[in-house]
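Peer 1: heads up, no residue letters with this:
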């Protein structure tokens, strides 16, 4: 079928031709604007001036005198006001979680033009409902009564009093926060929306330079957006086009239709966009796969089949095919599963920065810096955190040989605390293994490390044997590093005025910042296979759709609204609730599949822990309510997970094996210890591998003195002591003198520990902590013996 945006471009070019550049087109997202311009160029068939294209958010920002503020900047400012109005001693990083929740609540309040004074009113004022109801609607009164009856039925209890105090602070916090933003001419998104909407409702002149604005493909309008569209319609400056022609979206029993009637009635279209062409049944194939990564592998098979059957006619320009990922965690497995025939890929969705390798490396570095040890004025790091870094994939790509050598050194020498001097074996390790004592140092410390890793990946990408498939993951890692570097710089700039911040707090702030950021991949938006999230599909149409993670609870997402404002009050004051979100999800799904020829819905069929293995509700709606429009096929993939046959392991007593055993006879050069005899009794095969073939388990750092090391040290002590009296008669006086010579015993114990435990024979040190106590136990054994 003809894409919706193509028809819009066709209608307007037919009406205005080369004069279309005087119009401004407003879309739900930037991607839609780019495709609209592509279709317009195809229709024109010659170079023409493009109309202005923008998103609804960009339009509000253009009309507002405020500058959008950075999220971290907003949180720092909000925290300052919170401390003032609440007199709280809560730290900034403790405030972060619900600080973000407050920002979201404030933005919702403003976008929906709610009277904040009414919403945050304290309970004593709300109790005046019985006598004064003039300031609230009947719906709001009923919602508030129901909330206080069900949530806190007991009069004058402590919980209700605490809730009252919190809401009093919220109103003061909201007012003071907005006042400072207004003074500095900054704003969060909701504040920008409210400012523009209030001027529109007051019929002020908003933008005399714009006379023809066309809104395309919008749906769930907030009251602020509705106010602006009303204003522009009444001034004759706006036209509106809705993507509502699919029967399922117009079905009043379908949640997707929530806004259809109101939008069509309130904002009619000037021109008729004919979308009544005969549409063949869409083929929908629903595939259950017992694995998340298995879904990514199934994408490979689907794409290969589409290429083989010519449904993708040109694999290098597969722009009519899109992979939709409701769960962004599957992005990397999908990218690694794209067939080689697909030449170009455009990733329009973001990937959570907190899921990246560079983010996990930074967390390991944070653990490292939290556990700096200082002994005799020399700094060192706990070996577990050192090994976590040395085993990290990015370190393997950047300094593999040096990392392997350093791991061997730590294990061979049983380094529990690794001195800094032993760690700085290359330029990257000199940067990483440098103690950081002040938070002001952290940003530059991390940026130096990120720069070094990035540069080393450039060398890896241009290696002699590197192929395009080999370099794809490296390109992704480099993109993550660039975005993480920018995040560190942003945090550094934002925290310039924040004093007394601990190093640990800085790392936690950085982690929080990464959790809220997505990495946008670079690519050519108008060519190649499209990989995108659900929101990026708005107003776009594709012939082939591959939808992953189509599980109930994933799409639609089952997620509570994190808010300080209870559900009943949100509903009473017209703020978004989960019902609102359900309608948005339904609209996106049905609009997305409305013009597709082939749809593949993949879901994880595993039922374990919190996962039900159930396919999305939308599949059942398609199957039982709208099956006249679709050709639906179902199948469940299974994998053979039977355990492989365990082969019997045995060793025949060949002449070669018997010859090795001869070495243990009397007069031979080897001997059997008591533990090796026990091994033979318990498991002859283990005895063969460990004693005859000298195979051993992988070396590990011993944090405590194990029984074998304890026995070795004790035997060494007794050997050294009695060697002094070899060939002599040991009298009671000699033993008494020896037992009293604590300095001599201390020296022997320290030397034995240095050789057999610390693996530093030439550098005996005074024992400390647990090792000191074990040394004292050995001293008592020696004296008793």
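Peer 2: Yep, it's here. On a predicted model such as this, the values are computed, not experimentally measured, just so you know.

Peer 1: I figured residue 40 hits residue 49, correct?
Peer 2: No: using Cβ atoms under 8 Å, residue 40 makes no contact with residue 49, being 10.5 Å away. To be clear about C-beta, it is placed using only N, CA and C from the backbone, and glycine gets the same treatment.

Peer 1: please enumerate the shared neighbours of the two.
Peer 2: residue 20 (Cβ atoms under 8 Å, 6 or more residues apart in numbering).

Peer 1: among those two, which residue is more densely surrounded?
Peer 2: More crowded of residue 40 and residue 49, by other Cβ atoms under 10 Å: residue 40, with 22 against 9.

Peer 1: where does the more buried one sit: helix, strand or coil?
Peer 2: helix (DSSP: H, G, I helix; E, B strand; the rest coil).

Peer 1: give the contact list for it.
Peer 2: Counting by Cβ under 8 Å, 6+ apart, residue 40 makes contact with 9, 13, 20, 48, 50-51.

Peer 1: now residue 485: how far from residue 358?
Peer 2: Here the distance between residue 485 and residue 358 works out to 9 Å (Cβ to Cβ, to the nearest Å).

Peer 1: what of residue 707?
Peer 2: Following Cβ to Cβ, the distance that separates residue 707 from residue 358 is 42 Å.

Peer 1: ok, residue 54 next?
Peer 2: Here the criterion is Cβ to Cβ. By it, residue 54 lies 33 Å from residue 358.

Peer 1: of these two, which one has the most company?
Peer 2: Each of residue 54 and residue 358 has its neighbours counted (other Cβ under 10 Å); residue 358 has more, 27 against 17.

Peer 1: the host helix or strand of the more buried one - contacts with which helices or strands?
Peer 2: Assigned by DSSP states H and E, residue 358 belongs to helix 357-370. Under the contact criterion of 3 or more Cβ pairs under 8 Å, 6 or more residues apart in numbering; DSSP states H and E, helix 357-370 touches helix 383-390, helix 393-412, helix 439-461, helix 468-494, helix 503-515.

Peer 1: hmm, who's touching the helix or strand following that helix?
Peer 2: Using DSSP H and E, the helix or strand that follows helix 357-370 in sequence is strand 372-375. Residues outside strand 372-375 that contact it (Cβ under 8 Å, 6+ apart): 379-382, 417, 435.

Peer 1: could I get the residues you listed as a markdown table with pLDDT?
Peer 2: Listed next are those as a markdown table, based on pLDDT from 0 to 100:
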| residue | pLDDT |
| --- | --- |
| 379 | 88 |
| 380 | 90 |
| 381 | 92 |
| 382 | 90 |
| 417 | 85 |
| 435 | 92 |
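
Peer 1: out of those, which is most surrounded?
Peer 2: Going by other Cβ under 10 Å, residue 381 tops those with 24 neighbours.

Peer 1: surely that residue is within a strand?
Peer 2: Yes: counting by three-state DSSP, residue 381 is located in a strand.

Peer 1: pretty sure it sits against residue 416.
Peer 2: No: the pair residue 381 / residue 416 is not scored as a contact, 10.3 Å apart, by Cβ under 8 Å.

Peer 1: any weak-confidence spans in the protein?
Peer 2: 122-167, 208-209, 275-277, 459-473, 497-500, 520-524, 609-611, 640-643, 698-699, 702-703 (pLDDT under 70).

Peer 1: how does it divide up, domain by domain?
Peer 2: Domain assignment for the chain, taken from automatic domain parsing, gives 4-66+207-266, 70-187, 282-348+525-636, 355-520, 643-702, 704-785.

Peer 1: including distance to residue 198, could these go into CSV?
Peer 2: Output for the domains of the chain, formatted as CSV (distance: least, Cβ to Cβ, whole Å):
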stretch, distance to residue 198
domain 4-66+207-266, 8
domain 70-187, 8
domain 282-348+525-636, 16
domain 355-520, 29
domain 643-702, 65
domain 704-785, 67
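
Peer 1: and those: which comes nearest residue 200?
Peer 2: Ranking these by proximity to residue 200 (Cβ to Cβ) places domain 4-66+207-266 first, at 3.7 Å.

Peer 1: end to end, how far does the closest one reach?
Peer 2: In domain 4-66+207-266, first residue to last residue: 21 Å (Cα to Cα, to the nearest Å).

Peer 1: sorry, back to before: out of the domains of the chain, nearest to residue 274?
Peer 2: Smallest distance to residue 274 across the domains of the chain (Cβ to Cβ): 7.2 Å, for domain 4-66+207-266.

Peer 1: residue 729: how many residues sit nearby?
Peer 2: Residue crowding around residue 729 was assessed by other Cβ under 10 Å; the count is 6.

Peer 1: what do you get for the one 3 residues further on?
Peer 2: Residue 732 has 7 neighbours, counted by other Cβ under 10 Å.

Peer 1: cool, residue 737 as well?
Peer 2: Neighbourhood size, residue 737 [other Cβ under 10 Å]: 11.

Peer 1: same deal with the one 5 residues further on?
Peer 2: Per other Cβ under 10 Å, the neighbour tally for residue 742 reads 10.

Peer 1: then the one 4 residues further on?
Peer 2: Burial of residue 746, expressed as a neighbour count using other Cβ under 10 Å, amounts to 15.

Peer 1: repeat that for residue 453.
Peer 2: Quick note: residue 453 (other Cβ under 10 Å) scores 25 neighbours.

Peer 1: hmm, residue 594 is touching residue 244, no?
Peer 2: No: between residue 594 and residue 244 there is no contact under Cβ under 8 Å: 9.7 Å.

Peer 1: how about the closest residue to residue 241 other than its chain neighbours, what does it touch?
Peer 2: Computed as Cβ to Cβ, 6 or more residues apart in numbering, the closest residue to residue 241 that is not its neighbour in sequence is residue 216, at 4.9 Å. Taking Cβ under 8 Å, 6+ apart, we find residue 216 in contact with 5, 8, 25-27, 32, 36, 241, 539.

Peer 1: and of those, the nearest to residue 741?
Peer 2: Nearest to residue 741 among the contacts of residue 216: residue 32, at 87.9 Å, using Cβ to Cβ.
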